[in-house]
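*Asks:* next input, structure requested:
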Amino acid sequence: MPDETPWLEDFLPLMRCPDTHQPLRRATEEECALNKVEAALVTEDGSRVFVIDEGIPILLPRQ
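*Replies:* Residues are numbered from 1 along each chain as shown. All right, here's what the predicted structure looks like:
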């Protein structure tokens, strides 16, 4: 599957977790498989996962 988020590389250094305010990074293949998603962003400590749905990162805080 082609990368739907090439624009994300420009914005990723600015993006933060809405809960912990940690920087975000792309999830590895293993992290995606573990969370049963195709693509995601994760916090630097791996405690939060944010799905990328149709090329759009879903950055909703936990409730």
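*Asks:* so how far is Leu34 from the most centrally placed residue in the chain?
*Replies:* In the chain, the C-alpha nearest the mean C-alpha coordinate belongs to Leu41, at 1.1 Å (Cα atoms, centre = their mean). Distance of Leu41 to Leu34, given as Cβ to Cβ, to the nearest Å: 14 Å. C-beta: built from backbone N, CA, C; applies to glycine.
*Asks:* got the CA positions of the helix or strand that contains Phe11 in CSV?
*Replies:* Per DSSP states H and E: Phe11 is located in helix 8-11. Output of helix 8-11 as CSV, limited to C-alpha atoms (Å, rounded to 0.1, in the frame of the first residue of the first chain):
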residue,chain,number,x,y,z
LEU,A,8,3.3,14.0,7.9
GLU,A,9,7.2,14.1,7.9
ASP,A,10,7.0,17.9,7.9
PHE,A,11,4.6,18.1,10.8
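*Asks:* tell me the helix or strand right after it.
*Replies:* Using DSSP H and E, the first helix or strand after helix 8-11 is strand 24-26.
*Asks:* and that next one, what's its mean pLDDT?
*Replies:* Average pLDDT, strand 24-26: 96.
*Asks:* next one: stretch 45-63
*Replies:* Stretch 45-63 shows a mean pLDDT of 92.
*Asks:* cool, stretch 6-17 as well?
*Replies:* Rounded mean pLDDT across stretch 6-17 is 92.
*Asks:* tell me how far it is from the chain's mean position?
*Replies:* Centre-to-centre, stretch 6-17 and its host chain are 9 Å apart (Cα atoms, centre = their mean, to the nearest Å).
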